[in-house]
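> Can you look at this prediction? I've put the sequence above it.
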Amino acid sequence: MNLKAMTALIISGGTLLASCNNNAAKNEEGKDSTAVTTTPASGAVHFGQVDGQDVLQYTLKNANGMEVKILNYGGTITDIITADKQGQKGNVVLSYDSLSGYQQKGQPYFGALIGRYANRIANAKFKLDGKEYTLAPNNNGNSLHGGLKGFDKVVWAATQAGDSSLQLVYNSKDGEEGYPGNLQATVVYTLTPDNALQITYKATTDKPTPVNLTNHAYFNLSAGKDSTILGHELSLKANQYTPVTDKLIPTGKLEAVKGTPMDFTSPKKIGADIDKVKGGYDHNWVLDKKEGVLETVATLYDPASGRYMEVATTQPGMQFYTGNFLDGKLTNTRNGQKYVQHAALCLETQHFPDSPNQPSFPNVILKPGETFSQTTVYKFSTK
């Protein structure tokens, strides 16, 4: 299936699923929340409870034996199971096998949907139409990944369509985590016949509000056989990046990657220059593409397993993060393996960090009557 056909599949799938009804429910505290629905044929399994709501794990699968497992809690991807060059299957994302793992202090957004605004907003404040909004300063005085209870920590309404697609819907209330406007977010995960996981995001609002939605999967293509991703080879279609302050806030400048450790315009081992980057890679790359066009912008290859991943997106930026804050204290509850520094990497398709405070960056303000839309595809193969 070519990229154009995959795009058509995403759009048609999203339109079909969007017609499904999603109902409001009351949680045990009497507050409005989003009801969870499940299709018996989907084989969704119980994973726990949050705020009196059932947390379920859904499985997508294709004829090649690839599987993707997703929670309605945070839209969290717990498994991407795909074969290596020897045909041995393994899970290529960091995860836990219990809800308690995802709720523990210091859990670094493994596999979760991120919103209302992914990445950082400086000083946890922004101005919009002359009014200043204050957010939760949950990261060195800045606001990170939506605040104290972002989209990664809520239960989404889930509707599964056969083995291939799962739709998630969340209604974020006006004022939630300090953001203006009632925002309805819809995310559709689709597993295609050619081993691509496609994620489509849409959102609408009744007041102007900043929106930046992404997924925070942590990839290790060795499926746990190697403790770090320093031997993985990465390419990024980006000749510029956004340099940051010591608090990881963009300075507002765009700098060329050529001749620097930030240059991944040709495939390069992640460990080759990481010691030259203070703290490791945790930066936004400016993608060499037109915003809104679905285009392949990154490749990742693990020579040992032979697994190869291509990333396509409609977004203007990519946050490449090398798990710098993992320190071995978190453990894979399935096999006891410790998640050490650089145990995995993230390739978060996004708008640029701190865009609400950076007028030169691409616009992130969604207005009533408009629809936020982005599509990202992670495609797996071997070579």
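Perfect, thanks for sending it.
> C-alpha from now on. contacts and neighbour counts both.
Noted.
> so where do the helices sit in the stretch 1-150 of the chain?
3-18, 99-103 (DSSP state H, counting those that start in this stretch).
> looking at those helices, which one has the lowest mean pLDDT?
Mean pLDDT across the helices of the stretch 1-150 of the chain is lowest at helix 3-18; the value there is a mean of 41.
> what about residue 63, neighbour count?
By the measure other CA atoms under 10 Å, the count of residues near residue 63 is 11.
> what's near enough to touch residue 202?
185-187, 371-374 (CA atoms under 8 Å, 6 or more residues apart in numbering).
> Give the phi and psi angles for residue 276, as a check.
phi -90, psi 0 (degrees, to the nearest 10).
> Let me see the confidence value for it.
Model confidence at residue 276 (pLDDT) stands at 98.
> From residue 113, how far out is residue 213?
7 Å (CA to CA, to the nearest Å).
> what does residue 191 give?
For residue 191, the distance to residue 113 - CA to CA - is 17 Å.
> Also residue 343?
Residue 343 is 20 Å from residue 113, by CA to CA.
> what does residue 274 give?
Applying CA to CA to residue 274 and residue 113 gives a distance of 27 Å.
> okay, these two: which has more neighbours?
Neighbour count, other CA under 10 Å: between residue 274 and residue 113, residue 113 has more, with 26 against 16.
> in stretch 112-127, what's buried?
112-126 (16 or more other CA atoms under 10 Å).
> Specify which member of those residues is nearest to residue 206.
residue 116 (14.3 Å; CA to CA).
> In contact with that closest one, which residues?
Applying CA under 8 Å, 6+ apart, the residues near residue 116 are 145-146, 150-151, 179, 210-213.
> Residue 134: which of the residues you listed is nearest?
residue 179 (8.1 Å).
> So residue 310 sits against residue 379, correct?
Yes. Checked against CA atoms under 8 Å, the pair residue 310 and residue 379 is within contact range at 5.1 Å.
> Bridged to residue 215, which residues?
Counting by DSSP bridges, residue 215 is bridged to residue 113.
> what's the pLDDT at residue 245?
For residue 245, the model assigns a pLDDT of 95.
> does it really touch residue 251, like I thought?
Yes. Counting by CA under 8 Å, residue 245 does reach residue 251; the two are 6.4 Å apart.
> Compare those two and say which is more crowded by neighbours.
For residue 245 versus residue 251, neighbours defined as other CA under 10 Å are more numerous around residue 251 (12 against 8).
> worst-scoring helix or strand of this structure, pLDDT-wise?
strand 24-26 (a mean of 33; mean pLDDT, DSSP states H and E).
> residues near the closest residue to residue 237 other than its chain neighbours, how many?
Once flanking residues are discounted, residue 237 sits nearest to residue 297: 4.9 Å by CA to CA, 6 or more residues apart in numbering. When neighbours are counted by other CA under 10 Å, residue 297 registers 22.
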